[in-house]
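Enquirer: what would the 3D arrangement of this be:
(one chain, ligands or ions: 2)
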Amino acid sequence: MPNLFLLSPIPNSADIADKLAKLNLYCYWDLALHIPLRYEDLTKIYPVAQIQVGQQGMVEGKIISCEIIKRKTSQQLVVKLEDNGFVISLVFFHFFSNYRHQYVLGKIIRAYGEVKQDYYGNKTIIHPKIQAATAQTQLSESFSPVYPTTSGLANIALINLVNDFLTQNLLEETLPLGIKQRYNLLGLAEAIITLHKLTPSQYEKNEHLLALHRLKYEELIAQQLLMQRAYHNKHQLDAPSLFSTQQLIAPFLAQLPFKLTNAQLRVVDEILLDLQRPQQMNRLLQGDVGSGKTMVAAITALVALENNYQAVLMAPTEILAEQHYQKLQKMLAPLNLNIVWLAGSLTPKQKRLVAEQCANGQAQLIIGTHAIFQKNIEFAKLGVVIIDEQHRFGVEQRRSLINKGNANLFPHQLMMSATPIPRSLAMSYYADLDSSIIDELPPGRTPIKTMLIRSNRRQEIIEFVKNKASLGCQIYWVCPLIEESEKLELENAQHTYEELTTQLAPIQVGLVHGKLKPKDKAEIMTNFASNQIQVLVATSVIEVGVDVPNASIMVIEHSERMGLAQLHQLRGRVGRGAVESQCVLLFEGDNLSQIAKQRLKVISSSNDGFEIARQDLLIRGPGELLGQRQSGMPPLRFADLERDIQILHDARLIAKELSHSYPKVSQYILDLWFYNKQVYSTV
Ligand code: ADP
Ligand code: MG
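Expert: Numbering: from 1, shown residues only. Ligands and ions are numbered 1, 2, ... in the order given. From the prediction side, this is the model:
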């Protein structure tokens, strides 16, 4: 344990320790950061005559009556206060009968709350906070903080704990003076004290905002220090140094029907340089739907193979993994490689065989799902691990895979993101990785036109599809998850399939869903690819990876239920050829939630995955976008990634400066924020 007073446990009686734990309050530092939700102004007394209806405030007066008023089904205690000839009523719906005796006629009390108007137009406070007042009762100088709390722990208990702590003057400045001045920041102690003990004059000068501003800096600096340390740790792991011999890559590129885009070339260069270093690559590859990430993954794997190392390509679902498998098998066929498929659905015997080939090195490229993580899978010489849709894998899972290297050499890691990550997230939670971005689509693509259509016009859309199909277009018709049930999704798709088969005859309609045998699924996809099927009804199976360039129309039912990333992925199945593509989003117009409305607006007005991701972050917040990655990582409490992007930029520079020139300060900040906290560390 570092020698830090601020990390010592909060002294308290045993009976509230568990309550404090519920609020994640363990040490002084936690207490310091437990800032009020709001404040109550007990610093002044309003004359009853002047306080306004709707205003919150404290009044003082003499008790002139106290009675219990009985109604048919309820009763209430009404206490009347008189102040300079004006009267205000205090009303309690919940009370014990002995309350009555506390409100002795003639006694002076203070009451705090929001002033309302009763039926007769009289000023009233419902359930006010009460203070007895004598001539000596001092008004407090600062606002009274109202803390987030939990049942059984009174606000006053927290106030006392915080006060005890603040009087000890334990808060030391973390930032060097030069940095504080450069960024115009309040002192740390000043900021924290201001927030707990805000005075009316500070409030008037907006000093609570300056204080929060400082905490946002502090929080993001801590986060950046953590990520930079993780970055540093990862990039120190030994890994095989892999130089491309071009033996496989050159013939592979030569037989492609197209040239790599400049963005693909640039990203490939970045990766090739990483692979040459004898330290582990940790790179995140981002690119919009259809930008050609698979090609980059293939080339990365080939470098390993050229050096007699094995490569793994892993995806979070069997469908996605299988699409990679088929695509790569086809693309790499001329090279005569041993590409192996490994997923949970293999029979035990098949699995044994694959495990054997992984262990003896015969398997060169292994494509599959989580099954690759299993203990009994060992590799002879694993050089590169490529993980698609990395956010859907947990930290532990990835760790178990990188430990499958041998001779103390860790495999290089390339993580791919099927949907772009907003810049602010990439700069914060992904700052432990290097980043490559494919910011260009292959040439010859025409932008997709997206239309929002209410589902009561579904029949018109069927006519539209019929018309387009008879002109030679190919169409996807997607029936996504209706309830949280795969079975219902399937029934629904089946029903639509029958309906469209009848209505569109003689146009050929096909149906593809997750429950089909791989062979049958492959056959249907082949028929669609070769235009023997014009309209393909599908469940969300086709979300990722499916690639039929001639398909130019996509209809998505119940689009209001889908997330932005999923819609963008789905829509990315069209717009792959030269003809203009259209995407029809059918939505149920009744009871459309606010979020659904926002999503539909975003998806229909943008084709840019990065912009859509940014909007998604605004709508959903970072928690969900981060998926598994965030588990164990404390969420931000003060800063907001989108609003505070400038602070994030600054924090990144400050963290660099601190770790370079002030290692002790860096360590101090890291200890304060993360010591003893479960934080995701070094995968
Ligand atoms: P994603 O980035 O969404 O995974 P894919 O790798 O599936 O994209 O590629 C989308 C489509 O673009 C595929 O049909 C692929 O063969 C094609 N493609 C990839 N790179 C190029 C390129 N440089 N020029 C033309 N087409 C390309
Ligand atoms: Mg892909």
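
Enquirer: how about residue 558, what does it touch?
Expert: Residue 558 makes contact with 455, 479, 480, 482, 586, 587, 588, according to CB atoms under 8 Å, 6 or more residues apart in numbering. (C-beta placed from N, C-alpha, C; glycine too.)

Enquirer: scratch that, residue 32 is what I was asking about
Expert: Going by CB under 8 Å, 6+ apart, residue 32 touches 6, 165, 171, 192.

Enquirer: ligand 1 versus residue 114, what's the distance?
Expert: Distance of residue 114 to ligand 1, computed by CB to the nearest ligand atom, to the nearest Å: 55 Å.

Enquirer: mind checking the SS state of that residue?
Expert: Here residue 114 is recorded as strand under DSSP: H, G, I helix; E, B strand; the rest coil.

Enquirer: that one and residue 155, how far apart?
Expert: Using CB to CB, to the nearest Å, residue 114 is found at 17 Å from residue 155.

Enquirer: repeat for residue 65
Expert: From residue 65 across to residue 155, the span is 30 Å (CB to CB).

Enquirer: how about the residue of the stretch 101-250 of the chain found nearest ligand 1, nearest residue that isn't a chain neighbour?
Expert: Here the stretch 101-250 of the chain gets closest to ligand 1 at one residue, residue 249, 14.6 Å apart by CB to the nearest ligand atom. Excluding its sequence neighbours, the residue lying closest to residue 249 (CB to CB, 6 or more residues apart in numbering) is residue 302, at 5.1 Å.

Enquirer: which elements pack onto the one helix or strand the one you found maps to?
Expert: Assigned by DSSP states H and E, residue 302 belongs to helix 293-306. In terms of contacts (3 or more CB pairs under 8 Å, 6 or more residues apart in numbering; DSSP states H and E), helix 293-306 is packed against helix 249-254, helix 262-276, strand 282-287, strand 310-314, helix 318-332, strand 382-387, strand 412-417.

Enquirer: ok but residue 76 is inside a helix, no?
Expert: No: counting by three-state DSSP, residue 76 is located in no helix; its state is strand.

Enquirer: that one: neighbouring residues, count only.
Expert: Applying other CB atoms under 10 Å, we find 15 residues neighbouring residue 76.

Enquirer: also the one 5 residues further on?
Expert: Other residues lying near residue 81 total 26 when counted by other CB under 10 Å.

Enquirer: what's the answer for the one 3 residues further on, then?
Expert: Burial of residue 84, expressed as a neighbour count using other CB under 10 Å, amounts to 8.

Enquirer: what do you get for residue 448?
Expert: Residues within reach of residue 448, counting by other CB under 10 Å, total 19.

Enquirer: where's it relative to residue 608, distance?
Expert: Distance, residue 448 to residue 608, using CB to CB: 11 Å.

Enquirer: looking at the contacts of residue 32, which are in helices?
Expert: 165, 192 (DSSP state H).

Enquirer: may I see the contacts of residue 32 organised as JSON lines, with distance to ligand 1 and pLDDT added?
Expert: JSON lines is the format used below for the contacts of residue 32 (distance: CB to the nearest ligand atom, whole Å; pLDDT from 0 to 100):
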{"residue": "6", "distance to ligand 1": "47", "pLDDT": "89"}
{"residue": "165", "distance to ligand 1": "53", "pLDDT": "92"}
{"residue": "171", "distance to ligand 1": "49", "pLDDT": "91"}
{"residue": "192", "distance to ligand 1": "47", "pLDDT": "97"}
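
Enquirer: who wins for most neighbours among the contacts of residue 32?
Expert: Ranked by neighbour count (other CB under 10 Å), the contacts of residue 32 have residue 192 at the top, with 24 neighbours.

Enquirer: from residue 34, how far out is that residue?
Expert: Residue 192 sits 10 Å away from residue 34, going by CB to CB.

Enquirer: kindly report the same for residue 662.
Expert: 27 Å.

Enquirer: same thing with residue 533?
Expert: Going from residue 533 to residue 34 by CB to CB gives 61 Å.

Enquirer: list the residues that contact the most far-flung residue of the chain relative to its centre.
Expert: Ranking residues of the chain by C-alpha distance from their mean position (CA atoms, centre = their mean) puts residue 106 at the top, at 58.5 Å. By CB under 8 Å, 6+ apart, the contact list for residue 106 reads 62, 63.

Enquirer: now do residue 104
Expert: When contacts are counted by CB under 8 Å, 6+ apart, residue 104 touches residue 63.

Enquirer: that one in helix, strand or coil?
Expert: Residue 104 - assigned by three-state DSSP - is coil.

Enquirer: and for residue 50?
Expert: coil.

Enquirer: neighbours of it, how many?
Expert: Neighbourhood size, residue 50 [other CB under 10 Å]: 11.

Enquirer: cool, and residue 305?
Expert: Per other CB under 10 Å, the neighbour tally for residue 305 reads 23.

Enquirer: I figured it hits residue 245, correct?
Expert: No: using CB atoms under 8 Å, residue 305 makes no contact with residue 245, being 10.0 Å away.
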